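A.B. asks: just a sequence and a predicted model for now, questions to come.
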Amino acid sequence: MSEIITEYRNENTKDIDLLSTIDIVRKINEEDKLVALAIEDETPNIAKAVDIIAKQFLVGGKLYYFGAGTSGRIGILDASECPPTFGVPSDLVTGIIAGGDTAIRTAVEGAEDNFELGEKDAQILTDKDVCVVISASGNPKYLLGVLSQAEKANCKTIALTCNHKALILEEAGHGICVEVGPEVIAGSSRMKAGSVQKMVLNMLSTGAMIKIGKTYENFMIDLMPTNEKLKDRAIRIVSQIAEVNNSKALQTLLESGWSVKTAILMLKCSLSKDEASGLLRKNCGVLRRALNSFARL
């Protein structure tokens, strides 16, 4: 078995059960401060992973996260937030957890140790896709099964772990290793390691969406206004980019069928809904490209 750093005892928290509540919280906070600094050291590898994902998106590929336990749940969380944030199809980014949907809420005994289950779950992969395997220790047989099947499918693979001796780093095409040391409670990798995984997946999905034109400046212009909060956000985005008041932004959004990008083009370029939609299609749905092409006319 490879060395598992997250299983070590943390010398800074040996007396945590004797501390006052405020000191327990401070100890946890002190350890959490190490997470962002550790990620900083891996930003070149994270950036390379973003480029891999964005490239595959542009050729029709999809992104799959695979994990067991906490890692699987974090992958599902990031994947489920992509459609409302970036207006992408629900299957563009998918999180898969060892043991299936039951394992989201309840531990499925033995699932992470099942190589064949990993192979089976990974049969969904194609040569256009990207597979990200996530694990603090980096050693679950389930993920090794996933990587084995991914290799057969000629699928791009990325490993995300907190252990430099992780087996998944040896098997994946590209690796991200963020070591944050022993946890506050030995072996509780839902803590610092879990924070690492959440932060890095945020970077991977958000970075890739930015690269394929799902934002304009730092606005989420492909959001899906499915509730009042998101409708208010859409109004503010159109108002700020098109430099109109909220009433005009709302009126144009209603005319555009609540398409933020279409409404912006209608206002900034004095176009009808059909003209704005056509301009977007010609420019692969990328707002900045559409605005630039109109300026050249």
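C.D. replies: Structure's in. What do you need? Numbering: from 1, shown residues only.

A.B. asks: start to end distance for stretch 108-121?
C.D. replies: 15 Å (CA to CA, to the nearest Å).

A.B. asks: what's in contact with that stretch?
C.D. replies: By CB atoms under 8 Å, 6 or more residues apart in numbering, the residues outside stretch 108-121 that reach it are 66, 68-69, 96, 98-100, 102-103, 140-149. Where you see a C-beta, it was placed from the backbone N, CA and C, and this is true even at glycine.

A.B. asks: can you flag which of those belong to strands?
C.D. replies: 66, 96 (DSSP state E).

A.B. asks: buried members of the contacts of stretch 108-121 into ChimeraX, please.
C.D. replies: Of these, the buried ones can be selected in ChimeraX as follows, counting by 16 or more other CB atoms under 10 Å:
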select :66,68,69,96,98,99,103,140,141,142,143,144,145,146,147,149
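
A.B. asks: helices - which of the contacts of stretch 108-121 land there?
C.D. replies: Secondary structure assignment (DSSP state H) places 102, 103, 141, 142, 143, 144, 145, 146, 147, 148, 149 from the contacts of stretch 108-121 within helices.

A.B. asks: make TSV out of those and add distance to residue 113 and pLDDT.
C.D. replies: Shown next, in TSV, are the ones in helices among the contacts of stretch 108-121 (distance: CB to CB, whole Å; pLDDT from 0 to 100):
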residue	distance to residue 113	pLDDT
102	16	93
103	13	92
141	5	97
142	7	97
143	11	98
144	10	98
145	10	98
146	13	98
147	15	98
148	15	98
149	17	98
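
A.B. asks: excluding covalently adjacent residues, which one is nearest to residue 10?
C.D. replies: residue 182 (3.9 Å; CB to CB, 6 or more residues apart in numbering).

A.B. asks: can you give me the distance of the one you found to residue 112?
C.D. replies: Using CB to CB, to the nearest Å, residue 182 is found at 21 Å from residue 112.

A.B. asks: looking at the two, which is more packed in?
C.D. replies: residue 112 (25 against 19; other CB atoms under 10 Å).

A.B. asks: pretty sure the more buried one is in a helix, no?
C.D. replies: Yes: counting by DSSP: H, G, I helix; E, B strand; the rest coil, residue 112 is found in a helix.

A.B. asks: quick one on the thing from earlier: may I see the ones in helices among the contacts of stretch 108-121 arranged in CSV, with distance to residue 30 as well?
C.D. replies: Converted to CSV, the ones in helices among the contacts of stretch 108-121 look like this (distance: CB to CB, whole Å):
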residue, distance to residue 30
102, 36
103, 32
141, 34
142, 33
143, 31
144, 34
145, 38
146, 35
147, 35
148, 40
149, 41
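
A.B. asks: quick check: phi and psi on the most far-flung residue of the chain relative to its centre?
C.D. replies: Distance from the centre of the chain peaks at residue 18, with 38.0 Å (CA atoms, centre = their mean). Per-residue torsions, residue 18: phi -100, psi -10 (degrees, to the nearest 10).

A.B. asks: ok, residue 164 next?
C.D. replies: phi -70, psi -10.

A.B. asks: spatially, what comes nearest to it if we skip its sequence neighbours?
C.D. replies: Residue 164's closest residue in space is residue 177 (CB to CB, 6+ apart), at 5.3 Å.

A.B. asks: what about that neighbour, how many residues nearby?
C.D. replies: 20.

A.B. asks: which of the helices or strands spans the residue nearest to residue 10?
C.D. replies: Under DSSP states H and E, no helix or strand contains residue 182.

A.B. asks: quick one: it and residue 193, what's the gap?
C.D. replies: With distances taken as CB to CB, residue 182 is found 10 Å from residue 193.
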